[in-house]
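A.B. asks: I need the structure of the sequence given here:
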Amino acid sequence: MFTTDFVAPSLPISPPIPTPSPPLSQQKQDLSTPKPRFQLNKNSLFWAIYEVENPKDAFLGTKANAEITHRINVIDTLKKTPKCLKDTNSKLTIEQTQALFGAMLTAKEDRLDFCIAYAAYYHKSIIVVYENTYTVFSPTVEVDLSDEENAIVLYASKPEHCNYVVYRSEKNLSREVITRIVESKVAGPLKSMSNYKTAELDDLANKLRIGTTQLVVDGDRRKEKRRTKEDIYNDIKVAIHKDSYGK
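C.D. replies: Next up, the predicted model:
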């Protein structure tokens, strides 16, 4: 008696289902919208400045130890004129300057106040732009933004799902870009209240969408009354802080 092992017939293997390609319009959009080189880098503040002033090194991607090496060069240069940071618009004392240098030698990522040293080192104003406001770190006490060749513009933002601020540099800086920033945004931090006329505070309040008048009830009537200069000033101060620090 002969027996044969039963062999089940092999089933044909279905070819893998191809992944559909994105629409042509989406492909074009992806190609025409390059992603910033260091956008996801936590130390984007350093790289945003570095790629403007050292484009060749940034392009080659020489990132290893670049931050600390560059900071050491900045400190060594500025130490030759120890009072140089007192001549910036931040007006640092010798003690504050030493504290800043110490922080630059130990910090893993750049802090915003490092821009004081970078401004003095490059002899350029560094303009940090937020949604509604901007801050200038100037190498001189009097801020001069009349020459785009002597300025670096950085845009600060907090991307979605990101718990830190990301900075990117303006690659096509022009006189028009700086003028648009100055005219449409509010410079911070504020000077003391006595430095502003009422009309000047009104202009700052309008840019920040802060009301300068309020409705008050007088018996059965409601009338519009001007807010005090101090109240408007304090609201502007709070708005600038929130815009810069998100608090």
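A.B. asks: let me see the domain layout of this protein.
C.D. replies: With domains defined by automatic domain parsing, the chain comprises 36-183, 189-247.
A.B. asks: which element follows the lowest-mean-pLDDT helix or strand in the chain toward the C-terminus?
C.D. replies: Lowest on mean pLDDT, DSSP states H and E among the helices and strands of the chain sits helix 24-32, with a mean of 47. Using DSSP states H and E, the helix or strand that follows helix 24-32 in sequence is helix 44-53.
A.B. asks: flag every buried residue along that following helix.
C.D. replies: For helix 44-53, burial by neighbour count (16 or more other CB atoms under 10 Å) applies to Ser44, Leu45, Phe46, Trp47, Ala48, Ile49, Tyr50, Glu51, Val52. Glycine gets a C-beta too; all of them are placed from N, C-alpha and C.
A.B. asks: from the residues you listed, pick the one nearest Ile68.
C.D. replies: Each of the buried residues of helix 44-53 was scored against Ile68 by CB to CB, and Phe46 proved nearest at 9.9 Å.
A.B. asks: still on that earlier bit, include mean pLDDT when you put the domains of the chain into TSV, please.
C.D. replies: Supplementary listing: the domains of the chain in TSV, determined by pLDDT from 0 to 100:
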stretch	mean pLDDT
domain 36-183	90
domain 189-247	90
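A.B. asks: correct me if wrong, but Lys225 is in a helix.
C.D. replies: No - counting by DSSP: H, G, I helix; E, B strand; the rest coil, Lys225 is not part of a helix but strand.
A.B. asks: which ones are touching it?
C.D. replies: Thr213, Gln214, Leu215, Val216 (CB atoms under 8 Å, 6 or more residues apart in numbering).
A.B. asks: could you check how far it is from Lys197?
C.D. replies: 20 Å (CB to CB, to the nearest Å).
A.B. asks: ok, now which ones touch the closest residue to Leu173 other than its chain neighbours?
C.D. replies: Once flanking residues are discounted, Leu173 sits nearest to Glu148: 5.2 Å by CB to CB, 6 or more residues apart in numbering. When the contact criterion is CB under 8 Å, 6+ apart, the partners of Glu148 are Leu173, Ser174, Arg175, Val177, Ile178.
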